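Asks: Predicted model follows, preceded by the sequence.
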Protein chains: 2
Amino acid sequence: MIIGFDADDTLWHNEDGFQATHRQFESLLSTWATPDEAGDHLFAVEARNMSRYGYGVKAFTLSMVEAAIDISDGEISTAELSDILELGRHLLDRPAELIDGVVQVLEALAGHTLMIITKGDLYHQLARIESSGLRDHFWRREVVAHKDPSTYRDLLAAHDVPVEDFVMVGNSLPSDVLPVLEIGARAVHVPYAITWAHEAHDDEHPAPTIESLGELPDLIGQWSTPG
Amino acid sequence: MIIGFDADDTLWHNEDGFQATHRQFESLLSTWATPDEAGDHLFAVEARNMSRYGYGVKAFTLSMVEAAIDISDGEISTAELSDILELGRHLLDRPAELIDGVVQVLEALAGHTLMIITKGDLYHQLARIESSGLRDHFWRREVVAHKDPSTYRDLLAAHDVPVEDFVMVGNSLPSDVLPVLEIGARAVHVPYAITWAHEAHDDEHPAPTIESLGELPDLIGQWSTPG
């Protein structure tokens, strides 16, 4: 089988770093707003910028600067804005910290063809793939702008992967599971401890959910046994 | 033949917009620095951030904010920093303004297989391809993080394109010409009126240079005539 893996919060930790940065942002703005108010405003600015900036740390950093100026009514100091730029650089420089057991799972699945299919900033995602040490487990590494049905359809066609041989594995229902089911392929949902607020989702779906990636090889084994 | 086209400053204007933004940045900083000083400092900040931020408008906007705080020794107002964020948004929102004659050239080459191979921010480049109206002329549209020999080698392999059937067309010697010659494929250099300072380059190279894209169909015609 050809198995696609999401990266952020599926192969390595990501959202925990963003959450820690949120706390530092709220603390920087505490003169002007409660943590909830600062967080809500940042969420609104991110949502407004999403179609223009896309996903990723650079987009998030630009939204933090914009929201900080808004929330403080222009009173925030340039030193504090420099601190916000530094928060962004810190997120970019953070090495990929692997989810427990990832290497063993990829080794157990080495008889299959593995791909990374991740969404976000091209430079940062490629840098993280390099820093993760996981690069050579994967036949292809694809960074996409959106994870919608047509993205998956085009990607499988471009790599000559038959839909019926493809399984996508990831933590996000709207990105890794629902669009893949929609094109007729299989998906496995592996929830992460924290869900990004912009991807909170409670749809019912027929894909199997596993509690940890360690359960994946058995599941794939059942699917790939003929008969 | 399979013909790869660079996009920025090959299919549509790009550097002219960055240059205009540079002038506005220098004007915003004129209390603290001459245009040359402001420009030089911004260049240095961009160069320092390049390996972390990569290319594109979001990276450029973050570097403008950082450089403006530096240059003004922290004295710049948050209103002026908001103006800098707006300069970046304006660049992102700018529709792709086509280079003269592009549509006719693509139509004349419709018997070949055409690809876009562009470097930069994934979201912004895909948005520009959509806004350009050129999308359907191209078999594949690839946004890459770097244009080095291994990127081209991997890309051609992934799409089953034989090196000897490939020609790359673009305005940048270090990105579109030299790495393509290095892997043994052909390249055509179409200089743009302005060269990005980070890509200024004066190497000798054996690829043909044409003054405008309008000369491309004849050149390709000579190459694709058997015998």
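Replies: On my side now, so go ahead.
Asks: How much space separates the closest residue to A:Asp93 other than its chain neighbours from A:His124?
Replies: The shortest distance from A:Asp93 to any residue other than its chain neighbours is 7.0 Å, reached at B:Arg52 (C-beta to C-beta, 6 or more residues apart in numbering or on different chains). C-beta: built from backbone N, CA, C; applies to glycine. For B:Arg52, the distance to A:His124 under the criterion C-beta to C-beta, to the nearest Å works out to 8 Å.
Asks: now swap in A:Asp6 and tell me
Replies: Distance, A:Asp6 to A:His124, by C-beta to C-beta: 15 Å.
Asks: Would you mind listing the outside residues contacting the longest helix along chain A?
Replies: Across chain A, the helix with the greatest residue count (assigned by DSSP state H) is helix A:35-53. Contacts of helix A:35-53 with the rest of the structure, by C-beta atoms under 8 Å, 6 or more residues apart in numbering or on different chains, involve A:22-23, A:25-27, A:29-30, A:32-33, A:59-60, A:62-64, A:66-67, A:70-71, A:197-198, B:58, B:89, B:92-93, B:123.
Asks: For the following helix or strand past that helix, which outside residues touch it?
Replies: In the C-terminal direction, the helix or strand that comes right after helix A:35-53 (DSSP states H and E) is helix A:57-71. The set of residues external to helix A:57-71 that reach it, using C-beta under 8 Å, 6+ apart, is A:18, A:21, A:25, A:28-29, A:32-33, A:37-38, A:41-42, A:44-46, A:49-50, A:53, A:76, A:80-81, A:84-85, A:87-88, A:91-92, A:121, A:124, B:53, B:58-59, B:61-62, B:65, B:78, B:81-82, B:85, B:88.
Asks: secondary structure element for A:Pro20?
Replies: Heads up, residue A:20 is Ala, not Pro. A:Ala20 is part of helix A:15-28, with elements assigned from DSSP H and E.
Asks: Please name every helix or strand in contact with that helix.
Replies: Using 3 or more C-beta pairs under 8 Å, 6 or more residues apart in numbering or on different chains; DSSP states H and E as the contact criterion, the neighbours of helix A:15-28 among helices and strands are helix A:35-53, helix A:57-71, helix A:78-93.
Asks: domains in chain A, as residue ranges please.
Replies: Domain ranges of chain A: A:2-12+A:98-224, A:15-93, per automatic domain parsing.
Asks: and the shortest one, how far apart are its ends?
Replies: The reference is to domain A:15-93. One end of domain A:15-93 to the other measures 15 Å (C-alpha to C-alpha, to the nearest Å).
Asks: and the longest helix of chain A, how far out from the chain's middle?
Replies: Its chain's average C-alpha position is 18 Å from that of helix A:35-53, according to C-alpha atoms, centre = their mean, to the nearest Å.
Asks: can you give me the angle that helix makes with helix A:15-28?
Replies: Between the direction of helix A:35-53 and that of helix A:15-28, the angle (axes from the mean of the first three to the mean of the last three C-alpha atoms, to 10 degrees) works out to 120 degrees.
Asks: pLDDT below threshold where in chain A?
Replies: Within chain A, the segments meeting pLDDT under 70 span A:196-197, A:199-203, A:226-227.
Asks: pull the longest strand from it.
Replies: Using DSSP state E, we find that the single longest strand of chain A is strand A:113-119.
Asks: what helices or strands is that strand leaning on?
Replies: For strand A:113-119, the packing partners by 3+ C-beta pairs under 8 Å, 6+ apart come out as strand A:2-5, strand A:140-144.
Asks: Can you say which of the ones you listed is nearest to chain B?
Replies: When the helices and strands packed on strand A:113-119 are ranked by proximity to chain B, the top entry is strand A:140-144, at 6.5 Å, counting by C-beta to the nearest C-beta.
Asks: touching chain B at all, the closest one?
Replies: Yes. Counting by C-beta under 8 Å from any C-beta of the partner chain, chain B has neighbours in strand A:140-144: A:140, A:143-144.
Asks: Dump the C-alpha coordinates for the longest helix of chain A into CSV.
Replies: Once non-C-alpha atoms are left out, helix A:35-53 reads as follows in CSV (Å, rounded to 0.1, in the frame of the first residue of the first chain):
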residue,chain,number,x,y,z
PRO,A,35,-5.5,36.4,28.3
ASP,A,36,-8.9,35.4,26.8
GLU,A,37,-9.3,38.8,25.1
ALA,A,38,-5.8,38.8,23.7
GLY,A,39,-6.3,35.2,22.5
ASP,A,40,-9.6,35.9,20.9
HIS,A,41,-8.3,38.9,19.1
LEU,A,42,-5.3,37.0,17.8
PHE,A,43,-7.6,34.2,16.6
ALA,A,44,-9.8,36.8,14.7
VAL,A,45,-6.7,38.4,13.0
GLU,A,46,-5.4,35.0,12.0
ALA,A,47,-8.7,34.0,10.6
ARG,A,48,-8.9,37.2,8.6
ASN,A,49,-5.4,36.8,7.2
MET,A,50,-5.7,33.1,6.5
SER,A,51,-6.7,33.4,2.8
ARG,A,52,-3.9,35.8,2.1
TYR,A,53,-1.1,34.5,4.3
